[in-house]
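K.L.:
My questions concern the predicted model and sequence given below.
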Amino acid sequence: MVKDILSYGIGTLAAFAVAAALLFVFIRDITQKKHSVLRNYPIVGRLRYFFEQLGEYFRQYFFAGDRDEMPFNRATRGWVYRLAKNEGGIIGFGSTYDLHQAGALIFVNHPFPVLEEERLPTPSLILGEGYCKQPFEARSIVNVSGMSFGAISAPAVRSLSRGAAVAGCWMDTGEGGLSPYHLEGGCDVIMQIGTAKYGVRDAQGNLSPERLLELAGHVKAFEIKLSQGAKPGKGGVLPGRKVTPEIAQIRGIPEGRDSISPNRHRDISNMNELLEKIAWMRDLTGRPVGVKTAVGGWRFMNEMAEIVHRRGLEFAPDFLVIDGGEGGSGAAPQALADHMGLSIDEALPRVVDALIETGLKNRVRVVASGKIITSARAAWALCTGADFVNTARGFMFSLGCIQALRCHQNTCPTGVTTHNKRLQRALVVEEKYLRVANYAMNMNKEIDMIAHSCGVRHARELKREHVRLVQASGQSVALNMLYPYPEPKARMKVA
């Protein structure tokens, strides 16, 4: 009897509490002024926001086709996952890749492909050879693009460092500075210098020669970042919730406050100053120095080539990282992410053409970046004239990223882009570094497979005539017809 009374009383209290909560929400919704739907439809209107929030996940798993999603579809993500798990890129019953869609890549298979015994290892290339004291021999075609510690988590950086060492590829630090986690695996590291000079700044925020010399003992090259594909014209953005005490110490910034880089280097306002900075930094550190930039037109390359020819080859960058407008592994304003900067499909051939025309192609190595996460896209970049490929999101997928689109909110469910220790638990370094290595090595292996099918002995022999692009008409056109190789010129006037 007593038990029944207690149960009844508890049930009544629970019902009363629920009714009171609903009444509170009803009154708050109907009196607030920000949301029109909630003002007219209190409580019930909240279902709209709930389902809107869940919509992207329902589309991802139930409604979208294998080739429908953006920025990366399920078929592409699944392909990366298989390579990272070393399960092979084998499919059955045919491909879902639409060969008739505009932009589709079709490689020109050779009637007599290269035999096993005729194949050659893809040669490494040297950055800064003949122009610096300590040139860098880069062994892998596919490398880890710039992802700052801060934008990604400590376990993610540790996994990338250890995996890159196994695969023999380089790891770019991103603009957030060099952390102990970058060095943990013993891989080749390229130190990126962003507009805020994180990790290489003095107390006033200026570039520190002493810090550069110190870092030169730990990294293989320096990369001056002018802009990135996700947000050309705006500096890096790290929300305050992700600026932990450790990150603040490494970057030299206040803890817990938004870390927003200037939209350009304050000490570099024109091409002359950029090339002088490159030459000065190379002489100081003895390391190769390159530039990362998105491309919005042809003036950048034309002006660079004209000044290099006037002042000397020692003023040229040792490498150029060309980021397409489709890049974007971190936080960026949508207006810039959607509409600013040329696609890598257009930017890369124009940059390579400018280097060929001005006789600088052998002096300046070209690295292609921007949504290049498959072997086919990487092989296209080599055909176009790139020497290397950088990818950020490809390696994020190898770490277990599920494209939750929460990179900027510190709530990444797979631990890749969060500093929440509970969420980081999902990313087990001892497991994930092997997937990083597998992805890089299998990418290089498949690029070579494409090259052998095209009849060349290794991937660096790929040319524009080896790939065709499907046009809007449904017909394919060879890349060397769309972008004919230019005739070399002694000099190039500024447009």
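P.N.:
It's in. Residues are numbered from 1 along each chain as shown.

K.L.:
and Ala335, what helix or strand is that in?
P.N.:
Using DSSP states H and E, Ala335 sits within helix 334-339.

K.L.:
Can you point out the buried residues in the following helix or strand past that helix?
P.N.:
Going down the chain from helix 334-339, the next helix or strand is helix 344-357, by DSSP H and E. Across helix 344-357, burial judged by 16 or more other Cβ atoms under 10 Å covers 344-345, 347-357. Just so you know, the C-beta spots here come from the backbone N, C-alpha and C atoms, and that holds for glycine as well.

K.L.:
same check, this time on stretch 259-278
P.N.:
Counting neighbours by 16+ other Cβ under 10 Å, the buried set in stretch 259-278 is 259-261, 265, 268, 271, 274-275, 277-278.

K.L.:
and it, how far out from the chain's middle?
P.N.:
The chain centroid and the centroid of stretch 259-278 are separated by 21 Å under Cα atoms, centre = their mean, to the nearest Å.

K.L.:
Give me the contacts around that stretch.
P.N.:
The contact list for stretch 259-278 (Cβ atoms under 8 Å, 6 or more residues apart in numbering) reads 150, 175, 194-196, 198, 206-207, 224, 226, 233-238, 240, 243, 251, 253, 289, 291, 300, 303-304, 307-308, 311, 315-317.

K.L.:
at 7 Å what do you get?
P.N.:
175, 194-196, 207, 224, 233-238, 243, 251, 253, 289, 303-304, 307-308, 315, 317 (Cβ atoms under 7 Å, 6 or more residues apart in numbering).

K.L.:
among the buried residues of stretch 259-278, which are in helices?
P.N.:
Mapping the buried residues of stretch 259-278 onto helices (DSSP state H) picks out 271, 274-275, 277-278.

K.L.:
quick one: Ile224 and Ile193 touch, right?
P.N.:
Yes: between Ile224 and Ile193 there is a contact under Cβ atoms under 7 Å: 5.3 Å.

K.L.:
and those two? which has more neighbours close in?
P.N.:
More neighbours surround Ile193 than the other of Ile224 and Ile193, with 25 against 22 (other Cβ atoms under 10 Å).

K.L.:
Regarding that one, what are the backbone dihedral angles?
P.N.:
Recorded main-chain torsions at Ile193 are phi -110, psi 110, according to degrees, to the nearest 10.

K.L.:
one step back: which of the contacts of stretch 259-278 are buried?
P.N.:
Listed as buried from those are 175, 194-196, 207, 224, 234-238, 243, 251, 253, 289, 303-304, 307-308, 315, 317; burial here means 16+ other Cβ under 10 Å.

K.L.:
Helices - which of these land there?
P.N.:
Applying DSSP H to the buried ones among the contacts of stretch 259-278, the entries found in helices are 251, 303-304, 307-308.

K.L.:
Columns distance to His408 on top of those, output as CSV?
P.N.:
As requested, these are arranged in CSV below (distance: Cβ to Cβ, whole Å):
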residue, distance to His408
Arg251, 17
Glu303, 34
Met304, 33
Ile307, 37
Val308, 38
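
K.L.:
which one of those sits closest to Arg406?
P.N.:
Arg251 (22.2 Å; Cβ to Cβ).

K.L.:
now the closest one: how far from Lys292?
P.N.:
18 Å (Cβ to Cβ, to the nearest Å).

K.L.:
now do Leu423
P.N.:
Relative to Lys292, and taking Cβ to Cβ, Leu423 is found at 29 Å.

K.L.:
Looking at these two, which has the bigger crowd around it?
P.N.:
Lys292 (28 against 18).

K.L.:
Tell me, domain by domain, which residues of the protein belong where.
P.N.:
The chain is divided into the following domains under automatic domain parsing: 2-63, 118-482.

K.L.:
Check the ones you listed for me and report the most buried one.
P.N.:
Of all the domains of the chain, domain 118-482 carries the top mean neighbour count, a mean of 20, counting by mean count of other Cβ atoms under 10 Å.

K.L.:
how about low-confidence regions in the stretch 301-450 of the chain?
P.N.:
By pLDDT under 70, the low-scoring segments of the stretch 301-450 of the chain are 327-333, 337-338.

K.L.:
which residue ranges form the helices in it?
P.N.:
For the stretch 301-450 of the chain, the helices defined by DSSP state H, counting those that start in this stretch cover 334-339, 344-357, 375-384, 393-398, 421-424, 429-453.

K.L.:
export the ones you listed to CSV and tack on distance to Arg365?
P.N.:
Formatted as CSV, those follow (distance: least, Cβ to Cβ, whole Å):
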stretch, distance to Arg365
helix 334-339, 27
helix 344-357, 10
helix 375-384, 12
helix 393-398, 20
helix 421-424, 35
helix 429-453, 17
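
K.L.:
Nearest to Thr96, out of the ones you listed?
P.N.:
Closest to Thr96 of these, according to Cβ to Cβ: helix 375-384, at 14.0 Å.

K.L.:
which residues does the closest residue to Arg28 other than its chain neighbours contact?
P.N.:
Take Arg28 and drop its neighbours on the chain: the residue closest to it by Cβ to Cβ, 6 or more residues apart in numbering is Pro42, 8.0 Å away. By Cβ under 7 Å, 6+ apart, the residues touching Pro42 are 26, 29-30.

K.L.:
Next: Val470.
P.N.:
Contacts for Val470 (Cβ under 7 Å, 6+ apart) come out as 99-104, 106, 476.

K.L.:
now do Tyr41
P.N.:
By Cβ under 7 Å, 6+ apart, the contact list for Tyr41 is empty.

K.L.:
re the thing from before, I'd guess the residue nearest to Arg28 is in a helix, am I close?
P.N.:
No: Pro42 is assigned coil when assessed by DSSP: H, G, I helix; E, B strand; the rest coil, not a helix.

K.L.:
want to throw the buried residues of helix 344-357 into TSV with distance to Arg457?
P.N.:
Supplementary listing: those in TSV, determined by distance: Cβ to Cβ, whole Å:
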residue	distance to Arg457
Ile344	26
Asp345	27
Ala347	29
Leu348	24
Pro349	24
Arg350	28
Val351	26
Val352	22
Asp353	25
Ala354	28
Leu355	24
Ile356	23
Glu357	28
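
K.L.:
closest to Ser375 among these?
P.N.:
For the buried residues of helix 344-357, the nearest to Ser375 is Ile344 (15.7 Å; Cβ to Cβ).

K.L.:
For Ala459, see how far away the closest one is.
P.N.:
Ile344 is 18 Å from Ala459, where distance means Cβ to Cβ.
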